[in-house]
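Chemist: A predicted structure for the sequence below; I have some questions about it.
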Amino acid sequence: MTEEWTPSSWRTKPIAQDVKYANKDHLARVTDQIKHLPPLVTPAEIERLRHHLTRVETGQGLILHAGDCAESFEACTHRNITNKIGLILSFSLVLLWGARVPIVRIGRIAGQYAKPRSSGTEIVNGKTVTSFRGDNVNGISPDDREPDPGRMLSAYFYSTTTLNYVRALLTSDFASLNHPRTWSLKHVRSPTLRAEFESISNALSDALAFTRTVGAIGGVDEDAYVKGGGRGVLGEVDFYSRCPFHEGLMLDYEEAMTRFLPIPAGTSSYTTNPQALPPKTYYNTSAHFLWIGDRTRQLTNAHVEYFRGIRNPIGIKVGPSMKDEELARLLDIVNPDKEHGKVTLITRYGAGKVEANLPGHIAAVRACGHPVIWVCDPMHGNTHTSSTGYKTRHFSSIITEVTSTLAVHAQEKSRLGGVSLEFTGELNEQGFSVTECLGGSMQLGEEELELRYQSYCDPRLNFEQALDLAFLLSDHYKQARENNSKVHATTNTLIQELGKTVNANAVTK
Ligand SMILES: O=C[C@H](O)[C@H](O)COP(=O)(O)O
Ligand SMILES: C=C(OP(=O)(O)O)C(=O)O
Ligand SMILES: [Mn+2]
């Protein structure tokens, strides 16, 4: 028999990636304070996202999860938030143009402040110190590594401030289709690639101009775009939806943000089994969508216990160490009623490991009859240290993982429902992008990593590299639509060109 779940039942289980606080009274005071603060998101928004995810699951949409590996309190500025949201919108617009299905945009933003780490200690400036675990836990400065419960309260307020500004941006002129952020192609070094990109961006600009013209002659409410509520010509897309998403790692915080609330009226119209819905249930109100990391997904541990009881849609990271039967058991635990739109599996094997792992995982999920959305995270299995000492990722490994994943889904008659990326539109004072990942159309080299390496944790694709990937995916989906079949990666010019920048020395871990 399944044991009773409560928001604190995780406390009786072993926990991975635990944070040990020296002052337990301080911790209790902070969590008690958070329990009395208002939710950041509402049940109605969470249910709406579940509805969108149900549609993605049946092939009527794609997910774009994207943002920072680790948000920092310091980077919570007007300029950074604007640039990050601008890039998510631009990426989704490019993807929408090629794929012609609604894009559900879920940002690693407004709460991504805690990190699991490979090791409890790290070496900074030659000294061994406790690892940085995210601004929610300890400080980036090597002298500030003692976990401080007060940081959870700060994380709540930074999340609130960020989300408030994101909501404001998305319901104002910023998100208007009249002003998509323009993409310059100056950085693209290969002439073949530049020609391909130009044809995509010209076609996209043309489509947007057409959309506006139709609006101007009365086909759609032009004003709706200006207000940021664009629907109509571009399809029934909740184009400006805003979904914060973070790893549900700090269970003290997640428990404090868990509230027993009425299930909104109307939910039953799209829920799988409306009769089974109670009047009230537990929502995690810190984000619409949370995920369990690859390091905290042990079946009998605390994180899985917490996640099995919340009504929010959830993601589960699936790395190469996941056994086929373990995946099936995990799904039985977190989604016993096999509800639609509930679970997204985010695979992150590493470029050379997709063929060996994904077919077995697809077969295991099929055999147990669980509905899931498959998303590819081509970032976390492709990290290595550069010869210059920077934690980095090569663009070619990232596209290799994406294209292998698309190929395996096609071969297994499954469907890739989206991508999960670490990227940032952050610019420095002079307007230059960060330099954290290698390659891409700008062919960023190892010696350039030191120029603007700003990440607090993992390396992120910069604005140009993210758009490289957006163009590539968009082109893939366009070709698939036009050929009405699956496209082979090797016939795709963009992939061939971008793949040329393969760093022969790249080692994945
Ligand atoms: O984002 C994911 C993990 O927190 C990160 O990759 C861990 O990095 P580490 O291997 O440097 O600890
Ligand atoms: C911790 C993360 O990933 P993973 O659990 O896949 O390593 C992450 O997405 O930041
Ligand atoms: Mn990361």
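Modeler: Here it is on my side, so go on. Ligands and ions are numbered 1, 2, ... in the order given.

Chemist: Enumerate the residues of this protein near ligand 2.
Modeler: C69, P116, E247, G293, D294, R295, K317, R348, H380 (C-beta under 6 Å from any ligand atom). Yep, even glycine has a C-beta here, placed from its N, CA and C like the rest.

Chemist: Highest neighbour count among these?
Modeler: Highest neighbour count within those: E247, with 26 neighbours (other C-beta atoms under 10 Å).

Chemist: ok, that residue touching L290?
Modeler: Yes: with contact defined as C-beta atoms under 8 Å, E247 and L290 form a contacting pair (7.1 Å).

Chemist: how close does the residue of the stretch 201-350 of the chain found nearest ligand 1 get to L53?
Modeler: Of all residues in the stretch 201-350 of the chain, G293 sits closest to ligand 1, at 7.1 Å by C-beta to the nearest ligand atom. G293 is 20 Å from L53, where distance means C-beta to C-beta, to the nearest Å.

Chemist: What is the longest helix belonging to the chain packed up against?
Modeler: The longest helix of the chain (DSSP state H) is helix 191-216. The contact analysis (3 or more C-beta pairs under 8 Å, 6 or more residues apart in numbering; DSSP states H and E) places helix 191-216 against helix 78-99, helix 222-226, helix 463-483, helix 493-499.

Chemist: Now render the ones you listed as JSON lines, adding mean pLDDT and distance to G360.
Modeler: JSON lines is the format used below for the helices and strands packed on helix 191-216 (pLDDT from 0 to 100; distance: least, C-beta to C-beta, whole Å):
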{"stretch": "helix 78-99", "mean pLDDT": "90", "distance to G360": "27"}
{"stretch": "helix 222-226", "mean pLDDT": "43", "distance to G360": "46"}
{"stretch": "helix 463-483", "mean pLDDT": "91", "distance to G360": "24"}
{"stretch": "helix 493-499", "mean pLDDT": "78", "distance to G360": "25"}
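
Chemist: Redo those helices as TSV? Include mean neighbour count.
Modeler: Formatted as TSV, those follow (neighbours: other C-beta atoms under 10 Å):
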stretch	mean neighbour count
helix 78-99	21
helix 222-226	17
helix 463-483	22
helix 493-499	20
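
Chemist: CSV please, covering the ones you listed and showing distance to L27.
Modeler: Shown next, in CSV, are the helices and strands packed on helix 191-216 (distance: least, C-beta to C-beta, whole Å):
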stretch, distance to L27
helix 78-99, 29
helix 222-226, 47
helix 463-483, 38
helix 493-499, 47
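
Chemist: Chain neighbours aside, what residue packs nearest to the residue in the stretch 401-509 of the chain that ligand 1 sits nearest to?
Modeler: Proximity to ligand 1, evaluated over the stretch 401-509 of the chain using C-beta to the nearest ligand atom, is greatest for D458 at 4.7 Å. Nearest residue to D458, sequence neighbours excluded (C-beta to C-beta, 6 or more residues apart in numbering): C69, at 3.7 Å.

Chemist: what residues are up against that neighbour?
Modeler: By C-beta atoms under 8 Å, 6 or more residues apart in numbering, C69 lies in contact with R108, Q112, K115, E422, S455, Y456, C457, D458, P459, R460.
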